[in-house]
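Participant: A structural model of the following input is requested.
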Amino acid sequence: MVLHTITVKSDEEMEDEADAFAGAFLLPADEIRPQLRRFDLRQLANLKLYWKVSMAALAVRAARLNLITPYQSKMFWIEMSKLGYRKREPNEPPREHPGLLRRMVSFHMKKLGYSVAEMAKLLHLRASEFQEMYRTEILGEAAGGWKPQLRLIK
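Facilitator: I've put the predicted structure just below:
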(Lines give C-alpha, C1' and ligand atoms only; values in the text may rest on other atoms or scores of the structure.)
Protein backbone atom coordinates (compact mmCIF):
# COMPACT_ATOMS: atom_id res chain seq x y z
CA MET A 1 0.00 0.00 0.00
CA VAL A 2 2.82 2.39 0.79
CA LEU A 3 5.24 1.35 -1.92
CA HIS A 4 2.94 1.70 -4.91
CA THR A 5 0.68 4.69 -4.43
CA ILE A 6 2.21 7.19 -6.84
CA THR A 7 3.56 5.45 -9.94
CA VAL A 8 2.02 2.63 -11.92
CA LYS A 9 4.32 -0.34 -12.37
CA SER A 10 3.98 -3.86 -13.68
CA ASP A 11 2.72 -6.54 -11.30
CA GLU A 12 6.08 -8.30 -11.50
CA GLU A 13 7.99 -5.13 -10.62
CA MET A 14 5.66 -4.31 -7.72
CA GLU A 15 5.93 -7.86 -6.38
CA ASP A 16 9.72 -7.72 -6.60
CA GLU A 17 9.75 -4.44 -4.64
CA ALA A 18 7.36 -5.87 -2.04
CA ASP A 19 9.58 -8.95 -1.65
CA ALA A 20 12.65 -6.74 -1.20
CA PHE A 21 10.85 -4.68 1.44
CA ALA A 22 9.63 -7.77 3.31
CA GLY A 23 13.11 -9.29 3.23
CA ALA A 24 14.69 -6.13 4.61
CA PHE A 25 11.99 -5.82 7.27
CA LEU A 26 12.02 -9.47 8.42
CA LEU A 27 15.73 -10.19 7.91
CA PRO A 28 17.76 -6.98 8.37
CA ALA A 29 20.98 -7.17 6.35
CA ASP A 30 23.34 -6.21 9.18
CA GLU A 31 21.93 -8.91 11.44
CA ILE A 32 21.37 -11.75 8.97
CA ARG A 33 24.55 -11.36 6.88
CA PRO A 34 26.93 -12.95 9.45
CA GLN A 35 24.47 -15.79 10.05
CA LEU A 36 24.26 -16.67 6.35
CA ARG A 37 28.02 -17.04 5.86
CA ARG A 38 27.54 -20.82 6.00
CA PHE A 39 24.78 -21.68 3.54
CA ASP A 40 23.43 -25.20 3.77
CA LEU A 41 20.10 -26.83 4.59
CA ARG A 42 21.01 -27.60 8.20
CA GLN A 43 22.04 -24.00 8.86
CA LEU A 44 18.89 -22.67 7.20
CA ALA A 45 16.70 -25.03 9.21
CA ASN A 46 18.28 -23.71 12.42
CA LEU A 47 18.00 -20.09 11.31
CA LYS A 48 14.36 -20.70 10.46
CA LEU A 49 13.64 -21.42 14.12
CA TYR A 50 15.39 -18.24 15.23
CA TRP A 51 14.02 -15.82 12.61
CA LYS A 52 10.61 -17.52 12.22
CA VAL A 53 10.66 -17.30 8.44
CA SER A 54 10.84 -20.07 5.88
CA MET A 55 14.07 -21.58 4.62
CA ALA A 56 13.01 -20.32 1.20
CA ALA A 57 12.79 -16.74 2.53
CA LEU A 58 16.28 -17.09 4.00
CA ALA A 59 17.62 -18.34 0.66
CA VAL A 60 16.00 -15.50 -1.26
CA ARG A 61 17.45 -13.00 1.21
CA ALA A 62 20.90 -14.58 0.88
CA ALA A 63 20.66 -14.25 -2.91
CA ARG A 64 19.47 -10.62 -2.70
CA LEU A 65 22.41 -9.79 -0.42
CA ASN A 66 24.80 -11.52 -2.87
CA LEU A 67 25.91 -13.95 -0.17
CA ILE A 68 25.45 -16.91 -2.49
CA THR A 69 26.13 -17.39 -6.16
CA PRO A 70 23.40 -18.06 -8.71
CA TYR A 71 24.74 -21.63 -8.91
CA GLN A 72 24.38 -22.09 -5.12
CA SER A 73 20.86 -20.73 -5.31
CA LYS A 74 19.96 -23.11 -8.14
CA MET A 75 21.40 -26.09 -6.27
CA PHE A 76 19.54 -25.07 -3.11
CA TRP A 77 16.18 -25.07 -4.94
CA ILE A 78 16.95 -28.42 -6.56
CA GLU A 79 17.80 -29.94 -3.18
CA MET A 80 14.68 -28.42 -1.61
CA SER A 81 12.58 -30.00 -4.36
CA LYS A 82 14.24 -33.42 -4.06
CA LEU A 83 13.60 -33.50 -0.30
CA GLY A 84 10.01 -32.31 -0.67
CA TYR A 85 10.79 -29.15 1.32
CA ARG A 86 9.18 -26.85 -1.22
CA LYS A 87 5.84 -28.25 -0.10
CA ARG A 88 6.63 -28.77 3.57
CA GLU A 89 9.79 -27.54 5.26
CA PRO A 90 11.29 -29.08 8.40
CA ASN A 91 11.50 -27.28 11.77
CA GLU A 92 8.15 -25.55 11.62
CA PRO A 93 7.98 -23.11 14.53
CA PRO A 94 4.96 -23.27 16.82
CA ARG A 95 1.98 -21.41 15.45
CA GLU A 96 1.56 -17.98 17.01
CA HIS A 97 -1.83 -16.75 18.09
CA PRO A 98 -1.97 -12.97 18.23
CA GLY A 99 -3.87 -11.68 21.21
CA LEU A 100 -3.92 -7.87 21.23
CA LEU A 101 -6.60 -7.43 18.56
CA ARG A 102 -8.76 -10.09 20.20
CA ARG A 103 -8.42 -8.36 23.58
CA MET A 104 -9.35 -5.05 21.95
CA VAL A 105 -12.44 -6.58 20.33
CA SER A 106 -13.44 -8.18 23.62
CA PHE A 107 -12.96 -4.87 25.48
CA HIS A 108 -15.05 -2.92 22.97
CA MET A 109 -17.86 -5.45 23.08
CA LYS A 110 -17.94 -6.32 26.78
CA LYS A 111 -16.85 -3.07 28.42
CA LEU A 112 -17.94 -0.45 25.90
CA GLY A 113 -21.06 -2.24 24.68
CA TYR A 114 -20.39 -2.24 20.93
CA SER A 115 -22.69 -4.48 18.90
CA VAL A 116 -21.58 -7.05 16.32
CA ALA A 117 -22.78 -4.73 13.55
CA GLU A 118 -20.80 -1.77 14.96
CA MET A 119 -17.64 -3.85 15.37
CA ALA A 120 -17.96 -5.28 11.86
CA LYS A 121 -18.31 -1.77 10.45
CA LEU A 122 -15.24 -0.55 12.38
CA LEU A 123 -13.16 -3.45 11.03
CA HIS A 124 -14.56 -3.16 7.48
CA LEU A 125 -16.06 -6.65 7.62
CA ARG A 126 -19.49 -8.08 7.02
CA ALA A 127 -21.25 -9.01 10.25
CA SER A 128 -21.08 -12.71 9.35
CA GLU A 129 -17.29 -12.47 8.76
CA PHE A 130 -16.83 -10.67 12.06
CA GLN A 131 -18.86 -13.28 13.91
CA GLU A 132 -16.86 -16.10 12.37
CA MET A 133 -13.49 -14.48 13.11
CA TYR A 134 -14.30 -13.33 16.66
CA ARG A 135 -16.69 -16.00 17.89
CA THR A 136 -14.77 -16.46 21.17
CA GLU A 137 -14.76 -12.74 21.91
CA ILE A 138 -18.50 -12.51 21.23
CA LEU A 139 -19.60 -15.64 23.07
CA GLY A 140 -16.87 -16.00 25.67
CA GLU A 141 -14.13 -18.58 26.24
CA ALA A 142 -16.43 -21.58 25.77
CA ALA A 143 -17.21 -20.63 22.17
CA GLY A 144 -16.34 -24.10 20.90
CA GLY A 145 -19.14 -25.75 22.83
CA TRP A 146 -20.97 -22.59 23.83
CA LYS A 147 -23.69 -22.81 26.43
CA PRO A 148 -25.50 -19.88 27.98
CA GLN A 149 -23.80 -18.66 31.12
CA LEU A 150 -26.20 -18.30 34.02
CA ARG A 151 -25.45 -16.37 37.16
CA LEU A 152 -27.31 -16.13 40.39
CA ILE A 153 -28.60 -12.66 41.27
CA LYS A 154 -29.97 -12.08 44.75
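
Participant: On the three-state scheme, K74 is what?
Facilitator: Judged by DSSP: H, G, I helix; E, B strand; the rest coil, the three-state class of K74 is helix.

Participant: That one and M80: what is the separation?
Facilitator: 11 Å (CB to CB, to the nearest Å). Yep, even glycine has a C-beta here, placed from its N, CA and C like the rest.

Participant: Check A29 too.
Facilitator: Look at A29 and M80: by CB to CB, they are 23 Å apart.

Participant: And the helices in this protein?
Facilitator: Applying DSSP state H to the chain gives helices spanning 11-26, 29-32, 41-51, 55-64, 70-82, 100-110, 116-122, 127-133, 135-139.

Participant: For those helices, give me CSV that also has mean pLDDT, mean neighbour count and distance to P93.
Facilitator: Putting these into CSV (pLDDT from 0 to 100; neighbours: other CB atoms under 10 Å; distance: least, CB to CB, whole Å) gives the following:
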stretch, mean pLDDT, mean neighbour count, distance to P93
helix 11-26, 88, 13, 13
helix 29-32, 96, 12, 17
helix 41-51, 94, 16, 6
helix 55-64, 95, 20, 12
helix 70-82, 96, 13, 18
helix 100-110, 89, 14, 19
helix 116-122, 92, 15, 31
helix 127-133, 89, 14, 23
helix 135-139, 77, 16, 23
